[in-house]
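> just coords:
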Ligand code: TRP
(Lines give C-alpha, C1' and ligand atoms only; values in the text may rest on other atoms or scores of the structure.)
Protein backbone atom coordinates (compact mmCIF):
# COMPACT_ATOMS: atom_id res chain seq x y z
CA UNK A 1 0.00 0.00 0.00
CA UNK A 2 1.26 3.44 -0.90
CA UNK A 3 1.47 5.25 2.37
CA UNK A 4 1.80 2.24 4.58
CA UNK A 5 5.20 2.45 6.23
CA UNK A 6 7.52 -0.27 5.03
CA UNK A 7 7.77 -2.90 7.73
CA UNK A 8 11.12 -3.50 9.35
CA UNK A 9 12.75 -6.85 8.67
CA UNK A 10 13.16 -9.28 11.54
CA UNK A 11 15.45 -12.28 11.15
CA UNK A 12 16.00 -15.13 13.54
CA UNK A 13 16.87 -18.81 13.44
CA UNK A 14 16.88 -21.84 15.66
CA UNK A 15 18.90 -25.04 15.51
CA UNK A 16 16.78 -28.12 14.85
CA UNK A 17 18.98 -30.30 17.04
CA UNK A 18 16.10 -32.24 18.61
CA UNK A 19 12.55 -31.47 19.54
CA UNK A 20 11.55 -27.96 20.53
CA UNK A 21 11.78 -27.45 24.28
CA UNK A 22 9.66 -25.33 26.54
CA UNK A 23 12.75 -23.11 26.79
CA UNK A 24 12.92 -22.68 23.00
CA UNK A 25 9.22 -21.93 22.94
CA UNK A 26 8.93 -19.43 25.79
CA UNK A 27 12.34 -17.90 25.14
CA UNK A 28 12.20 -17.59 21.36
CA UNK A 29 9.45 -19.07 19.22
CA UNK A 30 6.59 -17.46 21.10
CA UNK A 31 8.14 -14.06 20.44
CA UNK A 32 8.61 -14.92 16.80
CA UNK A 33 4.87 -15.54 16.63
CA UNK A 34 4.05 -12.21 18.27
CA UNK A 35 6.23 -10.23 15.86
CA UNK A 36 4.54 -11.53 12.72
CA UNK A 37 2.06 -8.69 12.27
CA UNK A 38 4.25 -5.75 13.09
CA UNK A 39 7.34 -6.84 11.14
CA UNK A 40 8.26 -8.54 7.96
CA UNK A 41 9.56 -11.73 9.56
CA UNK A 42 12.11 -14.14 8.17
CA UNK A 43 12.82 -17.26 10.22
CA UNK A 44 15.08 -20.20 9.51
CA UNK A 45 15.88 -23.65 10.78
CA UNK A 46 19.65 -23.39 11.16
CA UNK A 47 20.46 -26.97 10.18
CA UNK A 48 23.91 -26.07 8.82
CA UNK A 49 24.86 -24.96 12.32
CA UNK A 50 23.91 -28.32 13.83
CA UNK A 51 26.69 -30.26 12.08
CA UNK A 52 29.33 -28.43 14.11
CA UNK A 53 28.44 -31.21 16.54
CA UNK A 54 28.26 -34.77 15.16
CA UNK A 55 24.71 -35.85 14.22
CA UNK A 56 23.19 -39.24 13.49
CA UNK A 57 21.84 -38.98 9.89
CA UNK A 58 18.40 -40.57 10.30
CA UNK A 59 17.81 -38.71 13.56
CA UNK A 60 18.93 -35.44 12.00
CA UNK A 61 16.46 -35.81 9.11
CA UNK A 62 13.67 -36.49 11.58
CA UNK A 63 14.67 -33.58 13.81
CA UNK A 64 14.51 -31.12 10.94
CA UNK A 65 11.00 -32.06 9.86
CA UNK A 66 9.76 -32.36 13.46
CA UNK A 67 11.16 -28.94 14.30
CA UNK A 68 9.63 -27.38 11.19
CA UNK A 69 6.21 -28.81 12.00
CA UNK A 70 6.49 -27.95 15.70
CA UNK A 71 7.33 -24.34 14.99
CA UNK A 72 4.42 -24.08 12.58
CA UNK A 73 2.21 -25.60 15.27
CA UNK A 74 3.42 -22.91 17.71
CA UNK A 75 1.87 -20.33 15.42
CA UNK A 76 4.37 -19.36 12.74
CA UNK A 77 2.08 -18.61 9.85
CA UNK A 78 3.72 -19.33 6.52
CA UNK A 79 1.29 -16.95 4.82
CA UNK A 80 2.64 -14.07 6.92
CA UNK A 81 6.27 -14.99 7.52
CA UNK A 82 9.03 -16.58 5.57
CA UNK A 83 10.05 -19.79 7.34
CA UNK A 84 12.71 -21.78 5.50
CA UNK A 85 15.42 -24.40 5.91
CA UNK A 86 18.92 -22.88 5.90
CA UNK A 87 20.70 -25.72 4.06
CA UNK A 88 18.19 -25.49 1.19
CA UNK A 89 19.29 -21.95 0.45
CA UNK A 90 22.81 -22.10 -0.93
CA UNK A 91 23.48 -18.42 -0.28
CA UNK A 92 24.15 -19.25 3.38
CA UNK A 93 27.15 -21.47 2.65
CA UNK A 94 28.39 -19.01 0.02
CA UNK A 95 28.12 -16.01 2.30
CA UNK A 96 29.79 -17.87 5.15
CA UNK A 97 32.86 -18.50 2.98
CA UNK A 98 33.03 -14.90 1.85
CA UNK A 99 32.67 -13.51 5.37
CA UNK A 100 35.26 -15.98 6.67
CA UNK A 101 37.78 -13.98 4.69
CA UNK A 102 36.72 -10.78 6.44
CA UNK A 103 36.82 -12.19 9.95
CA UNK A 104 39.92 -12.42 12.08
CA UNK A 105 41.19 -15.50 13.88
CA UNK A 106 41.65 -13.37 16.98
CA UNK A 107 38.08 -12.18 17.20
CA UNK A 108 36.68 -15.69 16.75
CA UNK A 109 39.03 -16.95 19.46
CA UNK A 110 37.35 -14.61 21.92
CA UNK A 111 33.85 -16.06 21.44
CA UNK A 112 32.73 -17.49 24.76
CA UNK A 113 30.40 -20.03 23.12
CA UNK A 114 33.35 -21.44 21.14
CA UNK A 115 35.36 -21.76 24.32
CA UNK A 116 32.46 -23.49 26.10
CA UNK A 117 31.63 -25.82 23.23
CA UNK A 118 35.24 -26.80 22.59
CA UNK A 119 35.60 -27.69 26.24
CA UNK A 120 32.43 -29.80 26.00
CA UNK A 121 33.37 -31.52 22.73
CA UNK A 122 37.13 -31.75 23.25
CA UNK A 123 37.36 -34.68 20.79
CA UNK A 124 35.83 -32.70 17.91
CA UNK A 125 36.96 -29.08 17.91
CA UNK A 126 36.35 -28.66 14.19
CA UNK A 127 36.84 -25.54 12.10
CA UNK A 128 33.06 -25.22 11.70
CA UNK A 129 32.66 -24.85 15.44
CA UNK A 130 35.23 -22.07 15.28
CA UNK A 131 33.59 -20.24 12.37
CA UNK A 132 30.02 -20.84 13.58
CA UNK A 133 29.52 -17.10 14.28
CA UNK A 134 30.47 -16.29 10.68
CA UNK A 135 27.77 -18.59 9.29
CA UNK A 136 25.35 -16.90 11.66
CA UNK A 137 26.49 -13.43 10.57
CA UNK A 138 25.81 -14.44 6.98
CA UNK A 139 22.30 -15.66 7.89
CA UNK A 140 21.44 -12.24 9.22
CA UNK A 141 23.25 -10.02 6.70
CA UNK A 142 21.87 -11.85 3.65
CA UNK A 143 18.37 -10.55 4.42
CA UNK A 144 19.37 -6.98 5.32
CA UNK A 145 17.66 -7.53 8.66
CA UNK A 146 16.83 -4.55 10.87
CA UNK A 147 16.18 -6.50 14.04
CA UNK A 148 17.38 -9.84 15.35
CA UNK A 149 15.69 -11.28 18.45
CA UNK A 150 18.05 -13.67 20.24
CA UNK A 151 18.70 -15.25 23.60
CA UNK A 152 21.23 -13.64 25.93
CA UNK A 153 23.77 -16.33 25.03
CA UNK A 154 23.83 -15.07 21.41
CA UNK A 155 24.62 -11.43 22.16
CA UNK A 156 28.30 -11.80 21.40
CA UNK A 157 27.45 -13.36 18.04
CA UNK A 158 25.34 -10.35 17.13
CA UNK A 159 28.19 -8.04 18.07
CA UNK A 160 30.61 -9.87 15.81
CA UNK A 161 27.98 -9.79 13.03
CA UNK A 162 27.89 -5.99 13.28
CA UNK A 163 31.70 -5.80 13.39
CA UNK A 164 32.04 -7.93 10.25
CA UNK A 165 29.33 -5.93 8.44
CA UNK A 166 30.94 -2.59 9.33
CA UNK A 167 34.34 -3.82 8.24
CA UNK A 168 32.96 -5.02 4.91
CA UNK A 169 30.98 -1.83 4.34
CA UNK A 170 34.07 0.19 5.24
CA UNK A 171 35.94 -1.49 2.41
CA UNK A 172 33.23 -1.62 -0.24
CA UNK A 173 30.44 0.81 0.57
CA UNK A 174 27.00 0.04 1.85
CA UNK A 175 26.51 -3.64 1.12
CA UNK A 176 25.03 -4.77 4.43
CA UNK A 177 22.46 -3.28 6.73
CA UNK A 178 23.86 -3.09 10.27
CA UNK A 179 21.37 -5.12 12.31
CA UNK A 180 20.20 -4.47 15.80
CA UNK A 181 20.15 -7.46 18.10
CA UNK A 182 17.75 -7.48 21.00
CA UNK A 183 16.81 -9.78 23.82
CA UNK A 184 12.99 -9.76 24.00
CA UNK A 185 11.95 -8.47 27.42
CA UNK A 186 8.97 -10.79 27.66
CA UNK A 187 11.03 -13.78 26.58
CA UNK A 188 11.32 -15.97 29.63
CA UNK A 189 14.74 -17.48 30.23
CA UNK A 190 13.73 -20.99 31.16
CA UNK A 191 16.14 -22.91 33.36
CA UNK A 192 16.55 -26.67 33.86
CA UNK A 193 14.00 -28.12 36.28
CA UNK A 194 16.77 -30.26 37.76
CA UNK A 195 19.52 -27.61 37.93
CA UNK A 196 17.87 -24.19 37.90
CA UNK A 197 21.22 -22.41 37.68
CA UNK A 198 21.58 -23.74 34.11
CA UNK A 199 19.56 -23.02 30.98
CA UNK A 200 16.96 -25.67 30.07
CA UNK A 201 18.66 -27.75 27.40
CA UNK A 202 17.85 -30.85 25.41
CA UNK A 203 21.36 -32.07 26.15
CA UNK A 204 20.63 -31.98 29.90
CA UNK A 205 21.99 -35.21 31.40
CA UNK A 206 18.88 -35.56 33.51
CA UNK A 207 15.87 -35.94 31.18
CA UNK A 208 13.58 -34.59 33.91
CA UNK A 209 15.27 -31.20 33.64
CA UNK A 210 13.93 -30.48 30.18
CA UNK A 211 10.29 -30.24 29.05
CA UNK A 212 9.63 -30.77 25.34
CA UNK A 213 6.62 -29.08 23.85
CA UNK A 214 5.37 -32.43 22.54
CA UNK A 215 5.72 -34.25 25.88
CA UNK A 216 2.52 -35.98 27.02
CA UNK A 217 0.54 -34.33 29.86
CA UNK A 218 1.64 -37.15 32.20
CA UNK A 219 5.32 -36.57 31.40
CA UNK A 220 4.98 -32.81 31.83
CA UNK A 221 3.27 -33.24 35.21
CA UNK A 222 5.92 -35.71 36.35
CA UNK A 223 8.76 -33.37 35.38
CA UNK A 224 7.22 -30.41 37.20
CA UNK A 225 6.40 -32.45 40.30
CA UNK A 226 10.06 -33.48 40.49
CA UNK A 227 11.40 -29.98 39.92
CA UNK A 228 14.21 -29.02 42.27
CA UNK A 229 13.29 -26.20 44.66
CA UNK A 230 14.57 -25.15 48.09
CA UNK A 231 13.68 -25.99 51.66
CA UNK A 232 11.73 -22.81 52.40
CA UNK A 233 8.23 -23.82 51.23
CA UNK A 234 7.10 -20.25 50.64
CA UNK A 235 6.22 -19.27 47.06
CA UNK A 236 7.93 -15.95 46.45
CA UNK A 237 10.51 -14.55 44.08
CA UNK A 238 13.87 -13.88 45.68
CA UNK A 239 17.57 -13.92 45.00
CA UNK A 240 19.01 -17.40 45.42
CA UNK A 241 15.64 -19.19 45.07
CA UNK A 242 16.55 -20.31 41.55
CA UNK A 243 14.13 -23.24 41.42
CA UNK A 244 11.08 -21.28 42.55
CA UNK A 245 12.07 -18.25 40.48
CA UNK A 246 12.20 -20.47 37.42
CA UNK A 247 8.80 -22.03 38.16
CA UNK A 248 7.32 -18.57 38.76
CA UNK A 249 8.73 -17.31 35.50
CA UNK A 250 7.28 -20.28 33.59
CA UNK A 251 3.91 -19.94 35.34
CA UNK A 252 3.80 -16.22 34.65
CA UNK A 253 4.73 -16.78 31.00
CA UNK A 254 1.92 -19.26 30.37
CA UNK A 255 -0.82 -17.65 32.49
CA UNK A 256 0.04 -13.96 32.08
CA UNK A 257 -0.14 -13.50 35.87
CA UNK A 258 2.30 -11.12 37.54
CA UNK A 259 4.72 -12.36 40.20
CA UNK A 260 2.79 -10.35 42.76
CA UNK A 261 -0.46 -12.06 41.86
CA UNK A 262 1.18 -15.50 41.92
CA UNK A 263 2.61 -14.82 45.39
CA UNK A 264 -0.84 -13.78 46.58
CA UNK A 265 -2.56 -16.81 45.04
CA UNK A 266 -0.12 -19.21 46.68
CA UNK A 267 0.03 -17.53 50.06
CA UNK A 268 0.06 -20.25 52.70
CA UNK A 269 0.30 -23.04 50.12
CA UNK A 270 3.23 -25.41 49.78
CA UNK A 271 5.58 -26.06 46.89
CA UNK A 272 3.70 -29.26 46.00
CA UNK A 273 0.54 -27.30 45.16
CA UNK A 274 2.53 -24.77 43.21
CA UNK A 275 4.40 -27.37 41.15
CA UNK A 276 1.10 -29.05 40.27
CA UNK A 277 -0.40 -25.70 39.23
CA UNK A 278 2.60 -24.87 37.04
CA UNK A 279 2.48 -28.32 35.42
CA UNK A 280 -1.25 -28.03 34.72
CA UNK A 281 -0.90 -24.54 33.29
CA UNK A 282 1.87 -25.69 30.97
CA UNK A 283 -0.18 -28.72 29.84
CA UNK A 284 -3.14 -26.44 29.06
CA UNK A 285 -0.97 -23.94 27.25
CA UNK A 286 0.63 -26.62 25.09
CA UNK A 287 -2.60 -28.51 24.35
CA UNK A 288 -3.62 -26.52 21.24
CA UNK A 289 -0.04 -26.58 19.96
CA UNK A 290 0.09 -30.36 20.30
CA UNK A 291 -3.29 -30.72 18.59
CA UNK A 292 -2.15 -28.59 15.70
CA UNK A 293 1.13 -30.53 15.48
CA UNK A 294 -0.69 -33.86 15.33
CA UNK A 295 -2.91 -32.47 12.61
CA UNK A 296 0.05 -31.12 10.61
CA UNK A 297 2.19 -34.25 10.65
CA UNK A 298 -0.63 -36.24 9.06
CA UNK A 299 0.15 -34.34 5.89
CA UNK A 300 3.91 -34.44 5.26
CA UNK A 301 3.27 -33.26 1.71
CA UNK A 302 1.81 -30.02 2.99
CA UNK A 303 4.79 -29.40 5.29
CA UNK A 304 7.15 -29.97 2.38
CA UNK A 305 5.13 -27.62 0.21
CA UNK A 306 5.48 -24.93 2.88
CA UNK A 307 9.23 -25.10 3.20
CA UNK A 308 9.91 -25.52 -0.52
CA UNK A 309 7.95 -22.36 -1.20
CA UNK A 310 9.79 -20.43 1.53
CA UNK A 311 13.20 -21.82 0.46
CA UNK A 312 12.64 -20.49 -3.02
CA UNK A 313 11.75 -16.98 -1.88
CA UNK A 314 14.63 -16.93 0.60
CA UNK A 315 17.01 -17.89 -2.22
CA UNK A 316 15.74 -15.04 -4.35
CA UNK A 317 16.17 -12.44 -1.60
CA UNK A 318 19.54 -13.71 -0.37
CA UNK A 319 21.04 -14.12 -3.87
CA UNK A 320 20.76 -10.38 -4.36
CA UNK A 321 23.02 -9.77 -1.37
CA UNK A 322 25.48 -12.48 -2.42
CA UNK A 323 25.73 -11.00 -5.91
CA UNK A 324 26.17 -7.49 -4.61
CA UNK A 325 28.95 -8.55 -2.23
CA UNK A 326 30.72 -10.65 -4.88
CA UNK A 327 30.62 -7.85 -7.40
CA UNK A 328 32.11 -5.38 -4.94
CA UNK A 329 34.89 -7.82 -4.01
CA UNK A 330 35.93 -8.25 -7.64
CA UNK A 331 34.47 -11.56 -8.72
CA UNK A 332 33.38 -11.84 -12.35
CA UNK A 333 29.67 -12.52 -12.06
N1 LIG B 1 23.08 -19.60 16.92
C2 LIG B 1 21.70 -19.47 17.22
C3 LIG B 1 21.35 -20.28 18.46
O4 LIG B 1 21.92 -21.32 18.69
C5 LIG B 1 20.84 -19.92 16.06
C6 LIG B 1 21.06 -19.05 14.87
C7 LIG B 1 21.69 -19.39 13.71
C8 LIG B 1 20.63 -17.71 14.74
N9 LIG B 1 21.68 -18.34 12.85
C10 LIG B 1 21.05 -17.29 13.43
C11 LIG B 1 19.93 -16.81 15.56
C12 LIG B 1 20.80 -16.01 12.99
C13 LIG B 1 19.68 -15.53 15.11
C14 LIG B 1 20.12 -15.12 13.82
O15 LIG B 1 20.48 -19.88 19.19
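Right, received. Where do you want to start? Just so you know, these numbers come straight off a predicted model, no measurement behind them.
> What is the helix or strand residue 71 falls within packed up against?
Applying DSSP states H and E as the criterion places residue 71 in helix 57-74. Judged by 3 or more C-beta pairs under 8 Å, 6 or more residues apart in numbering; DSSP states H and E, helix 57-74 is in contact with helix 30-34, strand 40-45, helix 47-50, strand 82-85, helix 271-296, helix 300-329. Where you see a C-beta, it was placed from the backbone N, CA and C, and this is true even at glycine.
> go with 10 Å
Secondary-structure packing of helix 57-74 (3 or more C-beta pairs under 10 Å, 6 or more residues apart in numbering; DSSP states H and E): helix 22-24, helix 30-34, strand 40-45, helix 47-50, strand 82-85, helix 271-296, helix 300-329.
> Out of those, the one nearest the ligand is which?
helix 47-50 (5.1 Å; C-beta to the nearest ligand atom).
> Which residues does the closest one contact?
With C-beta atoms under 10 Å, 6 or more residues apart in numbering as the contact definition, helix 47-50 has outside contacts at 13-18, 55, 60-61, 63-64, 67-68, 85-89, 92-93, 96, 128-129, 132, 135-136, 138-139.
> Pick out the residue in the stretch 151-300 of the chain sitting closest to the ligand.
Among the residues of the stretch 151-300 of the chain, residue 154 lies closest to the ligand, at 5.2 Å counting by C-beta to the nearest ligand atom.
> Test my guess that that residue contacts residue 148.
Yes: in terms of C-beta atoms under 10 Å, residue 154 counts as a neighbour of residue 148; the distance is 8.5 Å.
> picking that back up, what about the residue of the stretch 151-300 of the chain closest to the ligand, how many neighbours?
20 (other C-beta atoms under 10 Å).
> Tell me the residues of the stretch 51-200 of the chain that contact the ligand?
Applying C-beta under 6 Å from any ligand atom, we find that the stretch 51-200 of the chain lies next to the ligand at 136, 139, 140, 148, 150, 151, 154.
> circling back to that earlier point, which pLDDT value belongs to the residue of the stretch 151-300 of the chain closest to the ligand?
At residue 154 the predicted local confidence, pLDDT, stands at 93.
> for the stretch 51-200 of the chain, what spans make up the helices?
Counting by DSSP state H, counting those that start in this stretch, one finds helices in the stretch 51-200 of the chain at the ranges 57-74, 91-100, 105-109, 112-120, 127-142, 155-172.
> Quickly list what the nearest residue to the residue of the stretch 151-300 of the chain closest to the ligand once chain neighbours are set aside is bridged to.
Among residues not flanking residue 154 along the chain, residue 181 sits closest, at 7.4 Å (C-beta to C-beta, 6 or more residues apart in numbering). Per DSSP bridges, the residues bridged to residue 181 are residue 148.
> mind listing what residue 181 touches?
Per C-beta under 10 Å, 6+ apart, neighbours of residue 181: 12, 140, 145, 147-150, 154-159, 161-162.
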